[in-house]
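Asker: Below: sequence and its predicted model.
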Amino acid sequence: MNRRRPTLVAALTLSAAAALTLSACGSDDSSDQGEDKIAGADTGSSAPSTSPTASKSSEPGRPKIDLPADLSYTFDWPKTGDKDKDAVLADSEQSIKAVDLAIVNQDPLDKAYLYYYEGEAAAGTEKFIQNYVDQKAGITGKYRFYAPEVAVDEDGTASFTYCEDQGKAYVKYLETNKVRQTEVTEKSYVIYHTSLKKNSEGVWEIQNIASQSGSAKCQP
């Protein structure tokens with residue numbers, strides 16, 4: 001199993017209705033299986049940002065996300081200069097970290113990720129996190145996100161596509177503290193397609209999400 005984040009088994013249809021499977025970051029020769037998941041902190045510059053494990057929002061009501069020191073994140077998606085697009089990027093970054101926090105907390109109903117997920121995306125992500133809980137597994141390593149493409153519509157909806165490099169990200173089994181290291185292959189590079197909607201509080205919530213490993217667009 002090569003993917004850590006939720007993915008759909010079938011083609012890239014923006015739906016979180018497929019079954020989720022626990023997967024190691026990086027890649028191995030296991031068969032490809034599917035699931036669904038990811039908003040973020042302001043990078044503050046046009047340069048790529050490496051995010052600290054502790055993420056604090058300046059806006060009241062947003063969840064505080066504190067992650068272990070063995071997790072690190074780089075978001076190579078600089079500001080666009082468009083207020084709405086930048087908000088989508090920011091909320092998407094936080095949503096990625098929020099799902100990881102739920103895995104760390106071993107809580108499929110962790111409030112932080114539910115702040116950023118709705119509908120099918122929330123239901124699929126809950127199942128995804130539950131797989132980690134069932135197998136007493138966590139995550140460790142370095143995560144890089146890049147090649148963002150965001151479009152915002154006048155009706156308060158948006159679409160967001162981006163890549164993830166899982167080559168240095170792994171599953172960690174909590175009872176033994178053993179890390180399942182996997183070789184980097186083309187399947188270590190995953191493309192995500194998300195659809196979002198701005199809620200009454202101004203938060204860009206993920207409604208649907210699909211991903212596919214081995215995307216040609218995401219290869220280095």
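Answerer: That came through, no problem.
Asker: Which residue, other than its chain neighbours, is closest to Tyr189?
Answerer: Excluding the flanking residues, the one nearest Tyr189 by C-beta to C-beta, 6 or more residues apart in numbering is Cys218, at 3.9 Å. All C-beta atoms are positioned from the backbone trio N, CA, C, and that covers glycine.
Asker: wait, what's in contact with that neighbour?
Answerer: Going by C-beta atoms under 8 Å, 6 or more residues apart in numbering, Cys218 touches 146-147, 163-165, 189-191.
Asker: Sort out which of these are buried, if you could.
Answerer: The neighbour count (16 or more other C-beta atoms under 10 Å) marks 146, 163-165, 189-191 as buried among the contacts of Cys218.
Asker: Tabulate the residues you listed (JSON lines), appending distance to Gly156 and secondary structure.
Answerer: Output for those, formatted as JSON lines (distance: C-beta to C-beta, whole Å; DSSP: H, G, I helix; E, B strand; the rest coil):
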{"residue": "Tyr146", "distance to Gly156": "27", "secondary structure": "strand"}
{"residue": "Cys163", "distance to Gly156": "26", "secondary structure": "strand"}
{"residue": "Glu164", "distance to Gly156": "26", "secondary structure": "strand"}
{"residue": "Asp165", "distance to Gly156": "31", "secondary structure": "strand"}
{"residue": "Tyr189", "distance to Gly156": "31", "secondary structure": "strand"}
{"residue": "Val190", "distance to Gly156": "28", "secondary structure": "strand"}
{"residue": "Ile191", "distance to Gly156": "25", "secondary structure": "strand"}
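Asker: The helix or strand Asp84 falls within: how far from the chain's middle?
Answerer: Per DSSP states H and E: Asp84 is located in helix 83-105. Put simply, helix 83-105 sits 7 Å off its chain's centre (C-alpha atoms, centre = their mean, to the nearest Å).
Asker: Can you list the helices and strands that it packs against?
Answerer: strand 65-66, strand 71-75, helix 111-114, helix 119-134, strand 137-152, strand 157-173, strand 189-198, strand 204-213 (3 or more C-beta pairs under 8 Å, 6 or more residues apart in numbering; DSSP states H and E).
Asker: Quick check: which of these is nearest to Ala90?
Answerer: Of all the helices and strands packed on helix 83-105, strand 204-213 sits nearest to Ala90, with 8.2 Å by C-beta to C-beta.
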